[in-house]
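Visitor: kindly generate the corresponding structure for this input.
(chains A, B, C and D)
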Number of protein chains: 2
Amino acid sequence: MSVTRTEPQDRSPEHPAPEAFTLQEVLDAVVDPVRRSIVCQLSASTSAKSCGSFDLPVGRSTATHHFRILREAGLIRQYYVGTSRMNELRREEVEEAFPGLLDALVSAAARR
Amino acid sequence: MSVTRTEPQDRSPEHPAPEAFTLQEVLDAVVDPVRRSIVCQLSASTSAKSCGSFDLPVGRSTATHHFRILREAGLIRQYYVGTSRMNELRREEVEEAFPGLLDALVSAAARR
DNA sequence: ACTGAAGTATGATCGGCATCGAAGTATCGG
DNA sequence: CCGATACTTCGATGCCGATCATACTTCAGT
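Guide: Residues are numbered from 1 along each chain as shown, chains lettered A, B, ... in the order given. Got it, this is the predicted structure:
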């Protein structure tokens, strides 16, 4: 009978192009403390980080929600490596769309 | 009997000191489109503007609410002139607390 | 005093969002 | 195949904030 085929899945999520970034979405993203924390942890790291490697005060399903908001705003890029979803900042694209904004935010968050 | 005394009132509202500014309050303030519009209109103007002189898509009481949020975040200074409440940006203080943030926001809002 | 103008205060409504738990999916190691 | 791991999806809940209408206050002009 039908052997449950395990065709390789395409699990790469949608990423908006820089031209589609909106300030509203970016602000909606970074106004949340948990998401801002994610951005700061990414900014402090040189390499990509898996979702599970973040120090977050919420459950897994909520974390997934936050990563999605950040991705849809254009702030992060996500891709799978095995079962892990890696995350990295889209520094250049964000800088191109909204010059100085990301730096100002991260350094503002670093104070205090 | 008691003549309704018209003692001069102190109607000057509370303004936080720059040291008390928090990034969270500033972002909570500017994430709202109406409030961001207020900030941009103030930034584009050289002089102070009365509450009523703004072009806003909400009723008066709601506008009052928005101005208060902006003031409590430290973004604007308010003072009465007659019955009019004047508003102006606290550029220097905000710049001192969160360097580059206000400029980045206003210029980001100006794009598109 | 009276009136109008400019805001503020208050209470109610209403929608959106952060959160969680439970169940589902995909991948990797034996 | 069998777990185990790492996330995602889904539905429900609960709260907070934006909005409005109404009533009130303060001031300016007459």
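Visitor: going forward, measure contacts and count neighbours with C-alpha atoms only.
Guide: Noted.
Visitor: contacts only, for the residue most central in space within chain A.
Guide: Closest residue to the average C-alpha location of chain A: residue A:76 at 3.4 Å, with Cα atoms, centre = their mean. Under the criterion of Cα atoms under 8 Å, 6 or more residues apart in numbering or on different chains, the neighbours of residue A:76 are A:70, A:87, A:88, A:89, A:90.
Visitor: list buried residues within those.
Guide: A:70, A:87, A:88, A:89, A:90 (16 or more other Cα atoms under 10 Å in any protein chain shown).
Visitor: quick revisit: so what's the residue nearest to the centre of chain A closest to, chain neighbours aside?
Guide: residue A:89 (4.4 Å; Cα to Cα, 6 or more residues apart in numbering or on different chains).
Visitor: would you confirm that the one you found contacts residue A:75?
Guide: Yes. Residue A:89 is within contact range of residue A:75, at 6.0 Å (criterion: Cα atoms under 8 Å).
Visitor: for stretch A:33-46, which residues meet the burial criterion?
Guide: Buried, per 16+ other Cα under 10 Å, within stretch A:33-46: A:34, A:35, A:36, A:37, A:38, A:39, A:40, A:41, A:42, A:43.
Visitor: I'd like the next helix or strand past the longest helix along chain A.
Guide: Scanning chain A for the helix with the most residues, using DSSP state H, yields helix A:60-73. Next in sequence after helix A:60-73, counting helices and strands by DSSP states H and E, comes strand A:76-81.
Visitor: quick one: that next one to helix A:60-73, angle?
Guide: Here strand A:76-81 runs at an angle of 120 degrees relative to helix A:60-73 (axes from the mean of the first three to the mean of the last three Cα atoms, to 10 degrees).
Visitor: so what strands line up beside strand A:76-81?
Guide: strand A:84-89 (antiparallel) (DSSP bridges).
Visitor: ok, the contacts of residue A:76 vs chain B, which is closest?
Guide: Nearest to chain B among the contacts of residue A:76: residue A:70, at 15.1 Å, using Cα to the nearest Cα.
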